[in-house]
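In: one predicted model, sequence on top.
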Amino acid sequence: MAHVGTGTSGRGVGVGLIGAGRIGASHAGLLATRVPGARLVAVADPRPGAAEALAAPLGARAAAGVDDLLADPDVEAVVITASTEAHADLVVAAAAAGKGVFCEKPAGMDLADVERGIAATDAAGVVFQVGFNRRFDRSFAAARAQVEAGAIGVPQLLRSVTRDPGLADPTRVPPWAVFRLTLIHDFDTLLWMNPGARPVSVYAVADALVAPGFRDAGLLDTAVVTIRFDNGAIATAEASFSAAYGYDVRGEVFGSAGMLTIGTTASTSVVRHDATGSHAATVRSDVELFGDAYTAELAEFAAAVRGGRAPAVGGRDAHRALAVAMACIESVRTGGPVAPAESP
Ligand SMILES: NC(=O)c1ccc[n+]([C@@H]2O[C@H](COP(=O)([O-])OP(=O)(O)OC[C@H]3O[C@@H](n4cnc5c(N)ncnc54)[C@H](O)[C@@H]3O)[C@@H](O)[C@H]2O)c1
């Protein structure tokens, strides 16, 4: 494909960051200091003072707004870390401006949103990468390589777990976030760990066990999902918004010739043994666990933009994972199994 927005200079790809919230602050810091092949040029956020506060210490400029950022010729590519509801429109606008696009997950609130993003980036011939950072985690990537090499035979049972460290403000959680924002990582991981297979049936059970007072407002914070694949494999994904011990992301692939386990709750390999027992510190946040993976995914983005090539994980992967999430929503509503929509 003919890519534009690839830039011509030998310097790192000039990146504009859209959305100076929690993950935006982390990604901006990485882009400014750690990501090879990238440089942070500008930051935009409509929240008063947010872009300035993030950009200035990192040596970037605070754009007057998204239009101003997209009009900047020094911005070759954008990293979208805005609130989820804004993702699809921002992807389309950035593509129309000829910028390479990295969008945090999910790439839209529904499948039509993601299809708009795919169409816009295809039409513009620009890179479209989505923030499925687990693919860039060393342990998950090593496990996937072993699955591909046939080291555990044919995958039969797969498992993925995400437990967030806490539910800070339930009023700010978007609808169906447990599927669309949280478990979407697990869905992408499970699809990726079962190469070539298609999910054919999804069944989800969810409840509000962390914040029961918000159940009637539609906030479900605890869920278990089963996924049946067309190669016969069966997967489960589970999530909670509040693990007392920290941030817990683990996976497992069980096959005809063995099993792979991925992830640990320990933040280091140090265990203190004393009179009260054995103690290990646990991982406390996504930024702590996945700092290296976030750096690697942004490096892949810069390389794809500079190289004018498709990134390792793109809009179609975003569609496939969101199709499972949307099937979960339908499953909870109907109480039965649901076939996920076909993906492009
Ligand atoms: N991959 C991961 O591990 C990971 C982790 C956390 C969050 N995320 C994703 O990143 C996104 C942001 O999450 P967060 O926790 O940082 O949220 P946040 O609420 O802390 O920040 C969102 C920011 O976006 C800004 N914003 C809203 N609309 C905008 C627009 N139209 N243009 C520019 N800025 C806009 C808000 O003012 C806010 O500063 C979410 O979609 C979330 O799913 C991904």
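Out: Ah, there it is. Residues are numbered from 1 along each chain as shown.
In: can you list the domains in this protein?
Out: Split into domains by automatic domain parsing, the chain comes to 13-126, 135-289+321-334.
In: do the first one and the ligand meet at all?
Out: If I follow you right, that is domain 13-126. Yes - contact of domain 13-126 with the ligand (Cβ under 6 Å from any ligand atom) involves 18-24, 44-47, 50, 66, 81-84, 86, 104-105. In this view, the C-beta of every residue, glycine as well, is placed from N, C-alpha and C.
In: list buried residues within the residues you listed.
Out: For the residues of domain 13-126 next to the ligand, a burial check counting by 16 or more other Cβ atoms under 10 Å picks out 18-20, 23-24, 44-45, 50, 66, 81-82, 84, 86, 104-105.
In: among those, which lie within strands?
Out: Among those, DSSP state E puts 18, 44 in strands.
In: max pairwise distance over the buried ones among the residues of domain 13-126 next to the ligand: which two?
Out: 50 and 105 (21.2 Å; Cβ to Cβ).
In: show me the contacts for the residue in the stretch 101-250 of the chain that the ligand sits nearest to.
Out: In the stretch 101-250 of the chain, no residue comes nearer to the ligand than residue 104, which is 3.6 Å away by Cβ to the nearest ligand atom. Counting by Cβ atoms under 8 Å, 6 or more residues apart in numbering, residue 104 touches 19, 23, 80-81, 84, 87, 130-131.
In: show me what from the stretch 201-344 of the chain comes close to the ligand.
Out: Near the ligand, when you scan the stretch 201-344 of the chain using Cβ under 6 Å from any ligand atom, you find residue 286.
In: burial of the closest residue to the ligand within the stretch 201-344 of the chain, as a residue count?
Out: Closest residue of the stretch 201-344 of the chain to the ligand, Cβ to the nearest ligand atom: residue 286 (4.7 Å). For residue 286, the neighbour count with other Cβ atoms under 10 Å is 20.
In: just give the nearest non-adjacent residue to it, would you?
Out: Take residue 286 and drop its neighbours on the chain: the residue closest to it by Cβ to Cβ, 6 or more residues apart in numbering is residue 247, 5.9 Å away.
In: now do the contacts for the one you found.
Out: 163-165, 282-286, 288-289.
In: tell me which of those residues fall in strands.
Out: Short answer: the contacts of residue 247 in strands (DSSP E) are residue 163.
In: as a quick check, tell me the outermost residue of the protein.
Out: The centre of the chain is farthest from one residue, residue 275, which by Cα atoms, centre = their mean lies 41.5 Å away.
In: quick one, phi psi at residue 78?
Out: phi -120, psi 150 (degrees, to the nearest 10).
In: okay, it: pLDDT?
Out: Predicted confidence (pLDDT) for residue 78: 99.
In: do the one 3 residues further on as well
Out: Predicted confidence (pLDDT) for residue 81: 98.
In: thinking residue 14 is in contact with residue 74, fair?
Out: Yes - proximity of residue 14 to residue 74 meets the contact threshold set by Cβ atoms under 8 Å, at 4.7 Å.
In: out of the domains of the chain, which one sits most buried?
Out: Mean neighbour count, computed with mean count of other Cβ atoms under 10 Å, is highest for domain 13-126 among the domains of the chain, reaching a mean of 21.
In: quote the end-to-end distance of that domain.
Out: The first and final residues of domain 13-126 sit 14 Å from each other (Cα to Cα, to the nearest Å).
In: same question, stretch 173-184
Out: End to end - Cα to Cα - stretch 173-184 spans 15 Å.
In: repeat that for stretch 46-60.
Out: Note: stretch 46-60 ends 17 Å apart using Cα to Cα.
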